[in-house]
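Colleague: from the sequence below, what's the structure:
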Amino acid sequence: MKIGQLYRQAANRFIRENLKDVTGLFIVGYSGITASDLNILRESLRKAGSRMLVVKNSIMKRAFSESDKEGITRFIEGPSSIIFVKDDPVVSAKVLYDFSKDHENLKLKGGLLKDRILDSQNIEMLAKLPSRNVLIAKTVGAIKSPLSSLVFVLEGNLRKLLCVLNEIKKKKEE
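Modeller: Numbering: from 1, shown residues only. As a prediction, this is how the structure comes out:
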């Protein structure tokens, strides 16, 4: 076997295996971005629980078609990179979106969230969502607020009752 064949097989296998346990993935165009900027992007994505992989388009297309994710292949044109998202896809989308604002050569092409195909506008909308932790905090706050108000109202009625009883006690003592 030639080295090129071994590389294609290994890359194909790597992509298919990573597709099994990801929450999402993004395809980006990176033409015109320096290697040092790509390394900065890779590091930011790694901190967000994602991994960036640059392979030949033909290998990406073959791996997607072999893993029933063929719909995503329409985004693979020109120099493309795949980002595998293992954690919260909103955080990774924010990293990509923020990086693309500073580096106009980074193009958000498309992605996949569970089994839903995303275009560049969907990725931007995803990036503008609050993070998972913020959404959880808002939900807990929304649940807590009416309960706190109920406790405060009930406590007020008890205070009033206590004041009335104290007044009755004072009158009886006189």
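Colleague: how's the chain carved up into domains?
Modeller: Per automatic domain parsing, the structural domains of the chain span 3-129, 130-174.
Colleague: least confident of these, on average?
Modeller: Mean pLDDT is lowest for domain 130-174 among the domains of the chain, at a mean of 82.
Colleague: could I get stretch 46-61 in CSV with only the CA atoms?
Modeller: Only the C-alpha atoms of stretch 46-61 are listed here, as CSV (Å, rounded to 0.1, in the frame of the first residue of the first chain):
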residue,chain,number,x,y,z
ARG,A,46,-10.2,22.9,22.3
LYS,A,47,-11.0,24.9,25.3
ALA,A,48,-14.7,24.9,24.2
GLY,A,49,-14.7,21.1,23.9
SER,A,50,-14.2,20.8,20.2
ARG,A,51,-11.6,19.6,17.8
MET,A,52,-10.6,21.0,14.4
LEU,A,53,-9.4,18.7,11.7
VAL,A,54,-8.1,19.7,8.2
VAL,A,55,-8.3,16.9,5.6
LYS,A,56,-8.8,16.6,1.9
ASN,A,57,-12.3,17.3,0.8
SER,A,58,-12.6,14.0,-1.0
ILE,A,59,-11.8,12.2,2.2
MET,A,60,-14.4,14.2,4.1
LYS,A,61,-17.1,13.6,1.5
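Colleague: the chain should start at 33 in everything you say after this.
Modeller: In the new count, where the first residue is 33, that last one comes out as stretch 78-93.
Colleague: give me the contacts around it.
Modeller: 40, 43-44, 46-47, 50, 62, 70, 73-74, 77, 105, 108-110, 112-120, 123-124, 126-127 (C-beta atoms under 8 Å, 6 or more residues apart in numbering). Every C-beta, even on glycine, is put in place using the N, C-alpha and C of the backbone.
Colleague: rerun that using 6 Å as the cut-off
Modeller: Residues outside stretch 78-93 that contact it (C-beta atoms under 6 Å, 6 or more residues apart in numbering): 40, 43-44, 74, 77, 105, 108, 112-119, 123-124, 127.
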